[in-house]
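Q: no sequence on this one, just coordinates:
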């Protein structure tokens with residue numbers, strides 16, 4: 001009753017035969033690709049007709065040229081293209097430029113509510129929906145300029161990476177004494 005638009009990565013994308021089986025038996029379009037990194041990985045999914053929609057991420061899958069290759073491979077097999085986008089507005093700008101040049105483009109993912117300064121990181125802000133759509137930037141390059149002051153005020157911190165140099169344990173204290181450093185401090 002909810003009419004989902006697609007079933008995203010029901011199977012790990014490297015298991016192409018299982019993905020194809022799910023696609024054959026699903027009444028909902030199957031989408032995959034946010035965890036694939038090259039046209040060669042996508043070629044396996046596409047040739048096996050294991051997906052209805054490819055989702056390469058321009059920030060992770062080799063950049064604009066590589067993602068355009070992926071979208072072209074998909075287009076040749078009548079497979080849609082819906083770029084994955086979990087990064088910054090710069091990634092959104094690159095994805096929008098690709099969308100404008102890609103006939104099989106379907107829809108653009110836009111992250112929201114991750115940081116309060118998201119709309120300030122590029123000028124002009126581009127992730128504002130108007131009538132349910134985003135405008136494609138028409139300025140040179142990707143169409144946006146990085147606001148370096150905002151970027152400098154918010155240096156990248158990987159939430160998935162544990163920095164053990166900040167933790168102090170009895171073992172790290174003993175090691176620090178042996179090598180002549182202070183525990184929890186980088187040399």
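A: Okay, I see it. From a predicted model like this one, the values you see are computed outputs, not experimental measurements.
Q: so which residues of this protein form helices?
A: With DSSP state H as the criterion, the chain has helices at 16-25, 39-47, 63-75, 89-100, 148-153, 170-179.
Q: single out the most deeply packed of those helices.
A: Among the helices of the chain, helix 89-100 has the highest mean neighbour count (mean count of other Cβ atoms under 10 Å), at a mean of 22. C-betas here are computed from N, CA, C, even on glycine.
Q: now tabulate the helices of the chain in a markdown table and tack on mean pLDDT and distance to residue 5.
A: Shown next, in a markdown table, are the helices of the chain (pLDDT from 0 to 100; distance: least, Cβ to Cβ, whole Å):
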| stretch | mean pLDDT | distance to residue 5 |
| --- | --- | --- |
| helix 16-25 | 96 | 15 |
| helix 39-47 | 95 | 19 |
| helix 63-75 | 96 | 17 |
| helix 89-100 | 95 | 16 |
| helix 148-153 | 94 | 33 |
| helix 170-179 | 68 | 49 |
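Q: with distance to residue 123 added, can I get those in JSON lines?
A: As requested, the helices of the chain are exported to JSON lines (distance: least, Cβ to Cβ, whole Å):
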{"stretch": "helix 16-25", "distance to residue 123": "40"}
{"stretch": "helix 39-47", "distance to residue 123": "33"}
{"stretch": "helix 63-75", "distance to residue 123": "21"}
{"stretch": "helix 89-100", "distance to residue 123": "10"}
{"stretch": "helix 148-153", "distance to residue 123": "9"}
{"stretch": "helix 170-179", "distance to residue 123": "44"}
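Q: for residue 113, find the nearest of those.
A: Minimum separation from residue 113 across those (Cβ to Cβ) falls at helix 89-100, 13.5 Å.
Q: now for that closest one, which elements pack on it?
A: For helix 89-100, the packing partners by 3 or more Cβ pairs under 8 Å, 6 or more residues apart in numbering; DSSP states H and E come out as helix 63-75, strand 122-123.
Q: with distance to residue 146 added, can I get these in JSON lines?
A: Listed next are these as JSON lines, based on distance: least, Cβ to Cβ, whole Å:
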{"stretch": "helix 63-75", "distance to residue 146": "17"}
{"stretch": "strand 122-123", "distance to residue 146": "6"}
